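J.: Coordinates for the following, if possible.
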Amino acid sequence: MNVPIGSTVLGYPRIGGRRELKRAVERYWSGRLDEAGLYDVAAGLRAQAWRELSGLDSVPSNTFSYYDQVLDIAVLFDVIPARHRDLGLNALDTYFAMARGTDEVTPLEMTKWFDTNYHYLVPEVGPETRFALTGDKPVAEYREAASLGIKTRPVLVGPVTFLLLAKPSADAPAGFAPLSLLDGLVEQYAELLETLRAAGVEWVQLDEPAFVADRTPDELAALQDAYYRLANLSDRPNILVAGYFGDWGEALPVLAESSVEAVSLDLVAAPEAIERVALLRDKIVVAGLVEGRNVWRTDLHRAAELGARITDTGAALAVSTSCSLLHVPLDLDVETDLAPEVRSRLAFAKQKVDEVVRLGRVLLGGESADLLSGTAAGTAPRDEAVRARLAEVTPEHRTRVPYPDRADAQESRLRLPALATTTIGSFPQTGAVRQARADLRTGAIDEAGYEQRMREEVERVIRLQEEIGLDVLVHGEPERNDMVQYFAERLDGFAHTELGWVQSYGSRCVRPPILHSDLSRPAPMTVRWAEHAQSLTPKPVKGMLTGPVTILAWSFVRTDQPLADTADQVALALRDEVADLEAAGIGIIQVDEPALRETLPLRERDRKAYLDWAVGAFRLATGGAAPWTQVHTHLCYSEFGDVIHAIDGLDADVTTIEAARSRMEILADLAAIGYARGVGPGVYDIHSPRVPGTDEVAGLLTEATKAVPVTRLWANPDCGLKTRGYAEVEPALRNLVSAAIRVRGQV
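T.: Numbers count the residues shown, from 1 in each chain. So this is what the prediction gives:
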């Protein structure tokens, strides 16, 4: 307790300002960069980050990762599945095999990190798992920073959260609980803490965000036991236990009674936590006063008032971000094209560090509050026409005719076989497609030239799908840079960045648009592409839209009005697009909502209100569709059992859903609630380079027929194919079609 924390952040972006890590990792995967070269790029990015944070009193380390921080912990403690270990690869390639799979083995399952758009790799553990501290990454990075003259605080996912995020291995007995392995894991964390202390570490940060969600008494007891044992080690660093994305709830008294030296509070997501801060009066309270996962400037005067309330309780104060800055772009200063009235309301990671430093100088250093002047984010302008239309929405706008009547009308129009085959939407974005987009940006070709290249690519993709034998085709989306960004660029109310990259998973980065004011659609967004594709084939072509919840979840969204109102504004724009697609003769329209589960509140008490408006927004977007128009939706990479009734409530005619990595687990949940519409469980994991064989896909589809009648079953990949190459996609889709034909003939 004699070593203060002062001003700090809980984590920092690691991909580099121009996605240097992405480029280096992908060059390594392709064989164009060796291991030493990759390590050099990584070391440079770490050094750059530490220097950018050097104005803080406490600088985090071990927040860098080549792929994912949960995967890092699994490897650190030797939680490596036998199928990956038996490949006989070196340590780095084993790590990437766990993340991506190989031609021989499947990767770890991937799902969303709480209610964010970041994906983590799900550890696999069983009764046979024996933890062993086999790596030295936290110690090595601490020493690396020290060699630059920067003393750091190593950050790790905590032991209880790690096990709560893990899943039983395939051969674990029924009812096995990963948390039953806590004793062995805590022993290894204890060894690591002692090793860190011996290296000179004064503070270590253990992240336990699983405890801002509802937890059972046994889980709370596990938290108590773990931190009793770790805090009572005789020779260890000071321990900061960090939670974020919400309120600690019943976990706060558990941590308050422990002997850890510091606890973080997310006072942005859960400002009400300030009312219980007195529980921590004998600890350092690391106050999350600066928003870590949105891009709006902090009202530093209001933040300072909250910080002063903590000091008034007698607790020691540290000033921090609400969570890691991993979730926001790196630097606002490089964005030169943002409108001044929008830019003045924003702060990215570097600017948020500056906000923390300024708050720290006032709250901890006694400097004048004048240092905080002029920091409020301002308000958004109003569009009265948009608001008037929203006020006219009635329940009837969110309702279609009953599904049986729609199903008959759609069968008469579409004439599809049982176990129809399709893809989720995007096809590989080839080098030629990316080059055309670059040529348009640089002026090497004009808009007409670009459109001609895209039309040629659409025709190529249509012909390929016809040749493969798919039943429902897509235009392949060559003109789309991203499934949210594309729409945001065509909707009024959004701003866009040039270098505002954020890591989604591994080497996958996105540039979330910034929804800053009332939203509307000035013109059709997708119609000419769908119409062109449909003109090339007698087979049905899906119109492809991104749903309102996903557009919000994968954007930085205004906070000055309820999310429900913003979602309905998006839904009305999409409703107009659905009508225009129908008028153009498109008989199948897919409205993707992969973020439906992702945005689910972490506490049960908050979920009904969220699901009501989330489902309502989807139904507002699709409620105007004619009975004979088949509405699809797509969901991926989440724990769908938590929202199974909401999936039913969307009332889509067909729901395609990720199922390949989870071996069809979702189908039992759908069967249990009597789900009676079409469903396409993904049978091809597109986030791995491996090509599933016909027998493998047929086995998955056969398993699926046990829960869903073949007349309502679809065969499809589990996500879009944009990030894959045709060398993988073509054989995988051929195997998918062959498997569907085989299973179709067997049932």
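
J.: Outline the domain layout of the chain.
T.: Structural domains annotated on the chain: 20-266, 403-480+520-732, as defined by automatic domain parsing.

J.: Count the neighbours of residue 703 for me.
T.: Around residue 703 there are 16 other residues, counting by other CB atoms under 10 Å. Every residue, glycine included, has its C-beta placed from N, CA and C.

J.: swap that for residue 731, sorry
T.: The number of residues packed near residue 731 is 15, by other CB under 10 Å.

J.: And residue 391, by the same measure?
T.: Neighbour count for residue 391, taken as other CB under 10 Å: 7.

J.: quick one: it and residue 282, what's the gap?
T.: With distances defined as CB to CB, to the nearest Å, the gap from residue 391 to residue 282 amounts to 52 Å.

J.: Lowest average pLDDT across the domains of the chain?
T.: Least confident of those, judged by mean pLDDT, is domain 403-480+520-732 with a mean of 92.

J.: From start to finish, how long is it in a straight line?
T.: As for domain 403-480+520-732, its first-to-last residue distance stands at 32 Å under the measure CA to CA, to the nearest Å.

J.: hang on, the earlier thing: now the domains of the chain as JSON lines including distance to residue 299?
T.: Formatted as JSON lines, the entries for these read as follows, by distance: least, CB to CB, whole Å:
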{"stretch": "domain 20-266", "distance to residue 299": "16"}
{"stretch": "domain 403-480+520-732", "distance to residue 299": "11"}
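
J.: Does residue 254 lie in a helix or a strand, and which?
T.: Here residue 254 is covered by helix 251-257, with elements defined by DSSP states H and E.

J.: go on, residue 220?
T.: For residue 220, the host element (DSSP H and E) is helix 217-231.

J.: buried ones in that helix?
T.: Neighbour counts over helix 217-231 (16 or more other CB atoms under 10 Å) mark 219-220, 222-224, 226-227, 229-231 as buried.

J.: which residues sit against that helix?
T.: With CB atoms under 8 Å, 6 or more residues apart in numbering as the contact definition, helix 217-231 has outside contacts at 158-160, 163-164, 179, 182, 186, 189-190, 193, 206, 208, 210-211, 215, 236, 239, 241, 250-251, 254-255, 257-260.

J.: 7 Å - rerun?
T.: Around helix 217-231, the neighbours that count as contacts under CB atoms under 7 Å, 6 or more residues apart in numbering are 159-160, 164, 179, 182, 186, 189-190, 193, 208, 211, 239, 241, 250-251, 254-255, 258-260.

J.: after the helix holding residue 254, next one along is what?
T.: Helix 251-257 is succeeded, C-terminally, by strand 262-266 (DSSP H and E).

J.: still on that earlier bit, kindly export the helix holding residue 220 (C-alpha atoms) in PDB.
T.: These are the backbone C-alpha positions of helix 217-231, laid out as PDB (Å, rounded to 0.1, in the frame of the first residue of the first chain):
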ATOM      1  CA  PRO A 217     -22.600 -18.200  -4.700                       C
ATOM      2  CA  ASP A 218     -20.100 -20.900  -5.700                       C
ATOM      3  CA  GLU A 219     -18.400 -18.600  -8.200                       C
ATOM      4  CA  LEU A 220     -18.200 -15.800  -5.600                       C
ATOM      5  CA  ALA A 221     -16.700 -18.200  -3.200                       C
ATOM      6  CA  ALA A 222     -14.100 -19.100  -5.800                       C
ATOM      7  CA  LEU A 223     -13.200 -15.400  -6.200                       C
ATOM      8  CA  GLN A 224     -12.900 -15.100  -2.400                       C
ATOM      9  CA  ASP A 225     -10.700 -18.200  -2.200                       C
ATOM     10  CA  ALA A 226      -8.400 -17.200  -5.100                       C
ATOM     11  CA  TYR A 227      -7.700 -13.800  -3.800                       C
ATOM     12  CA  TYR A 228      -7.300 -14.900  -0.200                       C
ATOM     13  CA  ARG A 229      -4.600 -17.200  -1.300                       C
ATOM     14  CA  LEU A 230      -2.900 -14.800  -3.700                       C
ATOM     15  CA  ALA A 231      -3.100 -11.800  -1.400                       C
END
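
J.: how far out from the middle of the chain is it?
T.: Helix 217-231 has its average C-alpha position 28 Å from the chain's average C-alpha position, going by CA atoms, centre = their mean, to the nearest Å.

J.: And for stretch 686-699?
T.: Using CA atoms, centre = their mean, we find the averaged C-alpha position of stretch 686-699 to lie 24 Å away from the chain's own average C-alpha position.

J.: Might you calculate how far stretch 100-113 sits from the centre of the chain?
T.: Its chain's C-alpha centre lies 16 Å from the corresponding centre of stretch 100-113 when counted by CA atoms, centre = their mean.

J.: hmm, back to that, name the residues of the helix holding residue 254 that are buried.
T.: 251-252, 254-256.

J.: Show residues contacting that helix.
T.: Counting by CB under 7 Å, 6+ apart, helix 251-257 makes contact with 211, 215, 220, 223-224, 227, 241, 248, 263, 276, 279-280, all of which sit outside it.

J.: cutoff 10 Å now
T.: Contacts of helix 251-257 with the rest of the structure, by CB atoms under 10 Å, 6 or more residues apart in numbering, involve 160, 208, 210-213, 215, 219-228, 231, 241, 243, 248, 262-265, 273, 276-283.
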